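Enquirer: Got a predicted structure plus its sequence, pasted below:
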Amino acid sequence: MENFKFRELENNPQLFFQTLPQDWQDEIVPFWDDYKIDSKIYIIEGDIGIVGGGIVFYKSPPHFEYFETEAKAWFDKGYLYLGFILISESHRNKSLGSFWLNQLQSKNPEQHYFLLTEEEQLHHFYLKNGFVCNQSLQNGDHLEWLYHN
């Protein structure tokens, strides 16, 4: 059975970025130098390397203009934003998304988080992991759902 380890990726963010779909890479890589001081990447490593991870943002991430006012209210309440959360396809359905969220929460049990997803099928996953669906938002041609814990 494969062993998994959760840790902060302090150096070489490209190791995480290269695991992301190309459209996600296009959303974060060109802007990383502006965001890295206010963000932390946490990864899950398995026997074969990085199998998942996500970014904790201490300020609004890139391309958040449509949500800036609402995001400011969450940040003002002390919440941090979770973005670019991904588990590799070959490692899905092994509870690694829950593992990532639980490990992150255990680092600072008093910290609260919020996130947006356009993946409606993740609704049950986030509810199961202690998040509440707060509202839906129109982002261009699609809806996104806001969750917080």
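Expert: Yes, it's here. Numbers count the residues shown, from 1 in each chain.

Enquirer: pull the helix or strand with minimum mean pLDDT from the chain.
Expert: strand 132-139 (a mean of 85; mean pLDDT, DSSP states H and E).

Enquirer: Now the element after that strand, going C-ward?
Expert: strand 142-148 (DSSP states H and E).

Enquirer: That following strand - contacts with which helices or strands?
Expert: strand 113-117, strand 132-139 (3 or more C-beta pairs under 8 Å, 6 or more residues apart in numbering; DSSP states H and E). The way it works is simple: take the backbone N, C-alpha and C, and place the C-beta from them, glycine included.

Enquirer: Turn these into CSV, columns for distance to residue 10 and mean neighbour count.
Expert: Shown next, in CSV, are those (distance: least, C-beta to C-beta, whole Å; neighbours: other C-beta atoms under 10 Å):
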stretch, distance to residue 10, mean neighbour count
strand 113-117, 20, 21
strand 132-139, 31, 12
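
Enquirer: out of those strands, nearest to residue 125?
Expert: Checking the helices and strands packed on strand 142-148 against residue 125 by C-beta to C-beta gives strand 113-117 as the closest, at 9.2 Å.

Enquirer: List the strands paired with the closest one, with their directions.
Expert: strand 80-87 (parallel), strand 142-148 (antiparallel) (DSSP bridges).

Enquirer: Look through this structure and tell me its longest helix.
Expert: Ranked by residue count and defined by DSSP state H, the top helix of the chain is helix 96-107.

Enquirer: OK, contacts around the residue most central in space within the chain?
Expert: By C-alpha atoms, centre = their mean, the chain has its centre lying nearest to residue 83, at 3.0 Å. Contact analysis of residue 83 by C-beta atoms under 8 Å, 6 or more residues apart in numbering lists 28, 54, 55, 57, 61, 115, 116.

Enquirer: sorry, back to before: could you dump the strands paired with strand 113-117 into CSV with distance to residue 120 and mean pLDDT added?
Expert: Shown next, in CSV, are those (distance: least, C-beta to C-beta, whole Å; pLDDT from 0 to 100):
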stretch, distance to residue 120, mean pLDDT
strand 80-87, 16, 97
strand 142-148, 7, 90
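
Enquirer: looking at these, which is buried most?
Expert: strand 80-87 (a mean of 20; mean count of other C-beta atoms under 10 Å).

Enquirer: For the host helix or strand of residue 72, name the packing helices and strands.
Expert: Per DSSP H and E, residue 72 falls inside helix 68-76. Where contact means 3+ C-beta pairs under 8 Å, 6+ apart, helix 68-76 is packed against strand 80-87.
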